[in-house]
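Asks: just to be clear, the model below is a prediction. Sequence and coordinates:
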Amino acid sequence: MELDRLGSEKLVKERMQKYSRDAFKTSLFGEKIAVLCGAQGNKFIFKNQNELFARWSLPSLAKAIYPDLERTRCQEPKASFDNFQYDILKPDALKKYVPVMDSLAREHLETEWRVVEALPSTKKYALSLACMIFMNRGDLDHSGDFLKSLSLLTKGILSLPVNLPGTTLNRAVGGGRVVRRELLRIVQERRAAESEGEDLLSKMVVATNQDGEYMSDSTIVNVFIGLLIGAEYELSSLITNVIYYLAELPHIYHQVFEEQMEIAKSKGPNELLAMEDLEKMKYTWNVVRECMRLTPPSIGGISESIAEFTYAGFTIPKGWKVLWTPHSSHMNSNYFPEPEKFDPLRFEGSGPEPYTYVPFGGGPRMCPGRNYVRLVVLVFTHNLVKRFRLEKVIPNEKMVFSVSPAPASGLPLRVHPH
Ligand code: HEM
């Protein structure tokens, strides 16, 4: 299987046509993988997440990011902090950050958007915002080393598990070391701080489980790396793809513009957005959802089967890896008529059938960042259309898939102030 096409629409479509619409077997990194397809496949995996499937990291990911994952898991057997990251990313906890998101989006568009390549620019925005909101370190991205190292680390995620000098994985392991060292320093500084801060890092440093145990530094660093990667890569891919479709489809841009200007007119000139304003952005949110249907920012999820199971006539032995992908249901015309068509209205009313629309996955491992994503994308889109009309420099820029899907040349744009 070609690595940079893992999870891509073409690959899943071809294999489903060749083998079966329900499931197919393949191999990757020397691992045997069963790919379960469609809404039924999604449902089966999401419902059996803990009973049949365990978390599994790609070998390259584990080497680069979590060298001590097994040790920290073993050392903290009762300290099940997994749900902590879900609590800190709930809408109620995030509400107070809407004005922060708005103010940074204003500043970013004001200062950075002259001649623009959307992808690197949205990466910078998403990473600054995450560092600011999660650990009150909006200045982190200014240290070139951290940003560069995070980028090297992420590129290693889908790389071949060959750690020799000059390989992508080797650079990722080096990048991972720098990122871990920097984050560890920040965690330790925070532990030593006299006063309790308000941000997510401060809350993690003092949180205990039911047995009164604190999270180890290493666990906190692992959680933060996950958050930063999600924020920088999948989120910037989504924002870039939203910009791509808005620039491509003037009638969609127009309706988003109308909705956002209604909201802008209801605010004072310097008044920042609040959660109530975001609740009014219904059409814009449907546009974002349609972007995620057509170009899912995540390839899906891989787990390891912890017991033999049978699905759609296949018997899958214990130890096999199992993959679900959003494409297999997002592009199915039974669930989404005319699946190639960009149509935000398909999300109106009761919306898609359960398990058919799964950009964030489902079940116990559903993306904990999804509420954060919604707020950030809506706030950014509000500021973008309020300020600019968009024109693509490359009319038919191809999409490529590396860690997340993105326009091949980073989506260069001409922006025209209103
Ligand atoms: C458009 C943006 C994003 C999309 C589409 C997305 C999608 C996903 C998907 C599909 C999963 C895997 C679920 C599974 O394994 O079944 C996941 C996991 C995860 N995401 Fe996101 N994500 C996005 C952004 C974010 C952001 C911004 C954060 C952090 C703030 C984040 C944090 C995480 C974490 C920590 C996990 C691991 C959850 C676990 O294994 O329990 N994601 N995400």
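Replies: Yep, it's here.
Asks: so N286 belongs to a helix, correct?
Replies: Yes: counting by DSSP: H, G, I helix; E, B strand; the rest coil, N286 is located in a helix.
Asks: so it touches D343, yeah?
Replies: No: the criterion here is CB atoms under 8 Å, and N286 misses it with D343 at 9.2 Å. All C-beta spots, glycine's among them, are computed from the backbone N, C-alpha and C.
Asks: what's the local residue count around the residue nearest to R180 when sequence neighbours are not counted?
Replies: Excluding the flanking residues, the one nearest R180 by CB to CB, 6 or more residues apart in numbering is V221, at 5.7 Å. Burial of V221 is recorded as 24 neighbouring residues (other CB atoms under 10 Å).
Asks: which helix in this protein runs the most residues?
Replies: helix 168-192 (DSSP state H).
Asks: quick one: contacts of the helix or strand hosting I243?
Replies: Element membership for I243 (DSSP states H and E) is helix 235-248. Under the contact criterion CB atoms under 8 Å, 6 or more residues apart in numbering, helix 235-248 has outside partners 118-119, 122-123, 125-127, 252-253, 256, 287-288, 290-292, 294-295, 297, 342, 369, 373, 376-377, 380-381, 384-385, 390-392, 397, 403-407, 410-411, 413.
Asks: after it, next one along is what?
Replies: helix 250-265.
Asks: show me what the helix or strand following that next one packs onto, helices and strands only.
Replies: Proceeding N to C from helix 250-265, the next assigned helix or strand is helix 275-279, under DSSP H and E. Applying 3 or more CB pairs under 8 Å, 6 or more residues apart in numbering; DSSP states H and E, one finds that helix 275-279 makes contact with helix 98-112, helix 370-387.
Asks: would you format these as JSON lines with distance to P359 included?
Replies: JSON lines is the format used below for the helices and strands packed on helix 275-279 (distance: least, CB to CB, whole Å):
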{"stretch": "helix 98-112", "distance to P359": "20"}
{"stretch": "helix 370-387", "distance to P359": "8"}
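Asks: out of these, which comes closest to L89?
Replies: Comparison of these against L89 by CB to CB identifies helix 370-387 as nearest, at 5.4 Å.
Asks: could you measure from L153 over to A406?
Replies: Shown here: L153 relative to A406, a distance of 18 Å by CB to CB, to the nearest Å.
Asks: residues touching the closest residue in space to L294 that isn't next to it in sequence, list them.
Replies: Sequence neighbours aside, F342 is the residue nearest to L294 in space, at 6.6 Å (criterion: CB to CB, 6+ apart). Counting by CB under 8 Å, 6+ apart, F342 touches 245, 249, 252, 290, 294.
Asks: the third one contacts V287, correct?
Replies: Yes: counting by CB under 8 Å, a contact exists between I252 and V287, whose distance comes to 6.0 Å.
Asks: how many neighbours does the closest residue to P91 other than its chain neighbours have?
Replies: Among residues not flanking P91 along the chain, N371 sits closest, at 4.8 Å (CB to CB, 6+ apart). By other CB under 10 Å, 18 other residues sit near N371.
Asks: what separation is there between N371 and the ligand?
Replies: N371 is 9 Å from the ligand, where distance means CB to the nearest ligand atom, to the nearest Å.
Asks: ditto for K148
Replies: 20 Å.
Asks: okay, and that residue sits in which element?
Replies: Here K148, judged by DSSP H and E, is contained in helix 144-155.
Asks: ditto for G41
Replies: Short version, using DSSP H and E: G41 is in helix 38-47.
Asks: the helix or strand that that helix is followed by - contacts with which helices or strands?
Replies: From helix 38-47 onward toward the C-terminus, using DSSP H and E, the following helix or strand is strand 53-55. Judged by 3+ CB pairs under 8 Å, 6+ apart, strand 53-55 is in contact with strand 301-305.
Asks: adjacent strands (with direction) for the strand it packs on?
Replies: Using DSSP bridges, the strands paired with strand 301-305 are strand 53-55 (antiparallel), strand 321-324 (antiparallel).
Asks: and of those, who's closest to the ligand?
Replies: strand 53-55 (6.0 Å; CB to the nearest ligand atom).
Asks: contacts for that closest one?
Replies: With CB under 8 Å, 6+ apart, strand 53-55 has contacts from 45, 303-306, 322, 365.
Asks: would you list the contacts of F342 in a markdown table and tack on pLDDT?
Replies: Formatted as a markdown table, the contacts of F342 follow (pLDDT from 0 to 100):
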| residue | pLDDT |
| --- | --- |
| Y245 | 96 |
| L249 | 97 |
| I252 | 98 |
| E290 | 98 |
| L294 | 94 |
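Asks: for these, which one is nearest E262?
Replies: I252 (16.4 Å).
Asks: how many neighbouring residues does that closest one have?
Replies: Count around I252 with other CB under 10 Å applied: 20.
Asks: from the ligand, how far off is the residue nearest to the spatial centre of the chain?
Replies: Centroid-nearest residue in the chain: E234, 3.3 Å away (criterion: CA atoms, centre = their mean). As judged by CB to the nearest ligand atom, E234 and the ligand stand 4 Å apart.
Asks: surely that residue and S298 touch.
Replies: Yes: if you go by CB under 8 Å, E234 and S298 touch, sitting 5.6 Å apart.
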